[in-house]
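Colleague: With the sequence up front, the predicted model follows.
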Amino acid sequence: MGISVLGIEVDREARGLALARDLGIPVIIGDAASRRVLRRASVTKSIAIVAAASEERDNIAVAVSAQAVAPMLAVVLRAGTDDAIDETRSLFHIGSVIDVNGLTSAIVATALVGPTPYIALGLPDRIALISDGGVEETSTPVGSPWCQHW
């Protein structure tokens with residue numbers, strides 16, 4: 001059994017729809033924060049959902065709705081660092097929160113002085129950067145905003 005991918009997009013004119021179609025990815029037009037839309041997308045049969053819209057509060061709404069429909073569903077949440085994350089943490093267990101901007105900064109800084117990394121992994125106490133030159137690990141203080149676990 002292979003992995004299936006399905007998109008949910010609220011905007012019928014979204015730029016990414018053409019790419020999804022070109023890649024053969026089916027897309028439901030609707031609000032992913034709607035429990036009805038999530039059920040239509042069969043999240044109860046899914047292993048994960050990715051909420052990666054540009055507005056973090058929209059992503060949080062999707063995550064909360066998805067957890068209500070399918071409590072065991074893994075949620076990958078694109079979110080920034082504002083108070084919304086703290087508020088959401090009080091509603092349900094978020095899991096690992098990775099600062100994508102911090103990971104990107106680590107890649108750029110490393111690329112300036114050595115081989116360009118093609119993967120950055122946020123680990124509990126460090127960032128692992130993988131390039132053709134091997135694995136380089138960067139220490140980060142515990143509680144660093146680069147990678148936090150709740």
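Modeller: It's in. Numbers count the residues shown, from 1 in each chain.
Colleague: quick one: average pLDDT of stretch 67-81?
Modeller: Mean per-residue pLDDT for stretch 67-81: 82.
Colleague: roughly how far out does it sit from the chain middle?
Modeller: Offset of stretch 67-81 from its chain centre (Cα atoms, centre = their mean, to the nearest Å): 9 Å.
Colleague: for stretch 56-64, same thing?
Modeller: Relative to its chain's centre, stretch 56-64 lies at 11 Å (Cα atoms, centre = their mean).
Colleague: now swap in stretch 65-75 and tell me
Modeller: With Cα atoms, centre = their mean, you get 14 Å for stretch 65-75.
Colleague: so residue 51 bridges to which residues?
Modeller: Beta-bridge partners recorded for residue 51 (DSSP bridges): residue 77.
Colleague: show me the contacts for it.
Modeller: By Cβ atoms under 8 Å, 6 or more residues apart in numbering, the contact set of residue 51 is 32, 58, 59, 60, 62, 63, 66, 75, 76, 77, 78. C-betas here are computed from N, CA, C, even on glycine.
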